[in-house]
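[1] Sequence and computational prediction follow.
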Amino acid sequence: MANRKLNTTGFGNKKIGLSTQGVLWSDAAIYTAHSESGGNTLMFALTEFALQLIKGREYTDPVELQHQVFDDICRYGQKITNNPNLRKTVALNALVALDNAAWLIYAAETKITSFDDMIPEKYRSALSNHHSEVASIPLISYAAPVEEITVAIDAGYFFMKIKIGQPGTQSAMLAKDLLHCNVHRSKHYKAMTRIRTYIGVYLPKGCTIRWV
C-alpha cells in the first residue's frame, strides 16, 4: 500500500479521536507528585506535542505513525515531568485519542469498512480469533447501595468491578469497602466457588497492607 499522509491542515478526511486520561494508572509517581489538574495538564501537553509532531508525516498505517514519534514523545514527557524514569504508559495514554483518530482516517482514506480488513496484514494472524460470547462486567460505584450488588449477582453477573477508596479515615474506608466486597463474595459462595474478590488500594508510604 502506498504511503498516505495524515492531513491535519484542514484538507481531506477529518475524524475525532476519543480517550480518557488515567494519570494514576499510567504512572503513580506523576500522580502523587502533582495535583489532579496538574497531572492531567501534563498528559494533555503530551497529546498536544504529539499532534504537532505528526503534522505533514507520511505513514502506511497508524502503527508505523506511532513508531515514528513514540520515542520523541517519551523524551518530551521526561522533560516536562522532570522524571527520567517516566513510565511509557504515560505516553501511550496521551496518544490514545490521536491513535483513535489516525485509525479512523486510515480506514476512510483506504475505503476500509471492516475491522478485520483494517488490521495491517502482518498483524492479522495474531488478531484473527473471534469470540462467540463476551462477559459483561458491571461497575459498582462508591455510593452504590449494597442491594445493587445483590441484584446484579441474582441477575447472573459473576464478575464485577467494585470501586473502592471511600471517604474517611483508613479504617473507615476499609470497613465500607469490605461491606461491598463481602456481599459480592458471600452471596453465592457455596454455589459459585470460583468467585473471587480482590481489593487493590494505593496506600500512602508507611501504611500496613492488610489482606482480606
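    Received it, and whenever you're ready, just let me know what you need.

[2] which ones are touching A107?
    The contact partners of A107, taken as Cβ atoms under 8 Å, 6 or more residues apart in numbering, are 113, 118. In short, each C-beta sits where N, CA and C put it, glycine included.

[3] Secondary structure class of it, three-state.
    Counting by DSSP: H, G, I helix; E, B strand; the rest coil, the backbone at A107 sits in helix.

[4] could you point out the longest helix in this protein?
    helix 62-81 (DSSP state H).

[5] can you tell me how far the closest residue to I140 other than its chain neighbours sits from M43?
    Sequence neighbours aside, I162 is the residue nearest to I140 in space, at 4.4 Å (criterion: Cβ to Cβ, 6 or more residues apart in numbering). Plainly put, I162 is 26 Å away from M43 if you go by Cβ to Cβ, to the nearest Å.

[6] Please identify which of those two sits among more neighbours.
    Counted by other Cβ atoms under 10 Å, I162 and M43 do not tie: M43 has more neighbours, with 23 against 19.

[7] could you give the mean pLDDT of the longest helix of the chain?
    Helix 62-81 carries an average pLDDT of 95.

[8] and what of stretch 98-118?
    Here the average pLDDT along stretch 98-118 is 90.

[9] For the closest residue to M173 other than its chain neighbours, give me its contacts.
    The spatially closest residue to M173, leaving aside those adjacent along the chain, is Q166, at 5.1 Å (Cβ to Cβ, 6+ apart). For Q166, the contact set (Cβ under 8 Å, 6+ apart) comprises 142, 172-173, 176-177.

[10] Skip the chain neighbours and tell me the closest residue to I112.
    Per Cβ to Cβ, 6+ apart, closest to I112 is M118, 4.8 Å.

[11] From Y106, how far off is the one you found?
    7 Å.

[12] residues shared between the contacts of those two?
    I112.

[13] The two - which one has more neighbours?
    Shown here are M118 and Y106; by other Cβ under 10 Å, Y106 has more neighbours (23 against 16).

[14] show me the contacts for that one.
    Contacts of Y106 by Cβ under 8 Å, 6+ apart are 4, 61-62, 112, 118.

[15] By neighbours, which of these wins?
    Neighbour max across those (other Cβ under 10 Å) = P62, 22 neighbours.

[16] So which residues of this structure form helices?
    23-26, 28-33, 36-53, 62-81, 88-94, 96-109, 115-118, 121-124, 146-154, 170-186.

[17] Out of those, which is the most enclosed?
    Highest mean neighbour count of those: helix 88-94, a mean of 20 (counted as mean count of other Cβ atoms under 10 Å).

[18] Which strands or helices does it pack on?
    helix 23-26, helix 36-53, helix 62-81 (3 or more Cβ pairs under 8 Å, 6 or more residues apart in numbering; DSSP states H and E).

[19] just how off-centre is it within its chain?
    What separates the centre of helix 88-94 from the centre of its chain is 10 Å, taken as Cα atoms, centre = their mean, to the nearest Å.

[20] Name the residues that touch that helix?
    19, 21-23, 25-27, 30, 43-44, 46-47, 50, 70, 73-74, 77, 81.
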